[in-house]
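> sharing a model that was predicted from the sequence below.
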Amino acid sequence: MSSIYQIKFFKSSLKLEDDYDQLSDIDKEKISDINSEAFFDFDDDDRYNFFIIVDKLEFISYIRILNDNLISFEINDISEDILKGKFDIDSISEYVSPINALRFSFFLDYLDEWVYSNLNIDIVLDRISEVGIRHLRKIEKEFLDNYNF
């Protein structure tokens, strides 16, 4: 099962390229072989930020490479927060530019697919209790429309 992770590096993408150049060919190949469903990345105040939808085992492999090569980062599994509407993905839209707009669009499409496939009636009912039925996200309303009681 895939999850959604947010990784914040403590340096810019440009400086991380230097770290990448220092990786072994084997580690570079492992990174390129990671089969993510989607990702979106951007720099914010000289910190590279990376959102990825990926299988947990694939992600562990990636994290191991970062740790083994002493690349500093902060990681959050935001899957549950996304499902429960506690992480507003639109908050990163300020980092969308003409250069990465298509990638962001694809990321949002995959994110909606992921949310829909991981929603359950309990989560949607909890959201209704929290925000009311009028304020559900489009994907939650779609889930309700297709739910068989």
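Nice, I can see it.
> list the contacts of the longest helix seen in the chain.
With secondary structure taken from DSSP state H, the chain has its longest helix at helix 101-118. Outside helix 101-118, the residues within contact range by CB atoms under 8 Å, 6 or more residues apart in numbering are 2, 4, 37-40, 51, 53, 79, 82-83, 89, 93, 96, 137, 139, 142-143. Quick note: C-beta positions are derived from backbone N, CA and C, even for glycine.
> among these, which are located in helices?
S79, I82, L83, I139, E142, F143.
> how near is the first one to I26?
According to CB to CB, to the nearest Å, S79 stands 29 Å off from I26.
> who has more neighbours, those two?
Comparing S79 with I26 by neighbour count (other CB atoms under 10 Å), the higher total belongs to S79, at 19 against 9.
> quick one: contacts for that one?
Contacts of S79 (CB under 8 Å, 6+ apart): S3, I4, Y5, N118.
> now the residues you listed as TSV including neighbour count, pLDDT and distance to F106?
Listed next are the contacts of S79 as TSV, based on neighbours: other CB atoms under 10 Å; pLDDT from 0 to 100; distance: CB to CB, whole Å:
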residue	neighbour count	pLDDT	distance to F106
S3	17	97	18
I4	26	97	14
Y5	21	98	17
N118	16	97	19
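> out of these, which is nearest to I63?
Minimum distance to I63 across those is 8.9 Å, recorded for Y5 (CB to CB).
> isn't that closest one up against E80?
No - at 11.9 Å, Y5 does not count as touching E80 under the criterion of CB atoms under 8 Å.
> can I assume D145 sits in a helix?
Yes - counting by DSSP: H, G, I helix; E, B strand; the rest coil, D145 falls inside a helix.
> so what's it scoring on pLDDT?
On the pLDDT scale, D145 is placed at 93.
> with L125 instead?
95.
> so which elements touch the helix or strand containing it?
Assessed by DSSP states H and E, L125 sits inside helix 121-131. Helices and strands touching helix 121-131, by 3 or more CB pairs under 8 Å, 6 or more residues apart in numbering; DSSP states H and E, are helix 138-146.
> may I see the buried residues of the helix it packs on?
I139, E140, F143, L144 (16 or more other CB atoms under 10 Å).
> tell me the contacts of the last one?
Contacts for L144 (CB under 8 Å, 6+ apart) come out as V124, L136.
> nice, that's everything, thank you.
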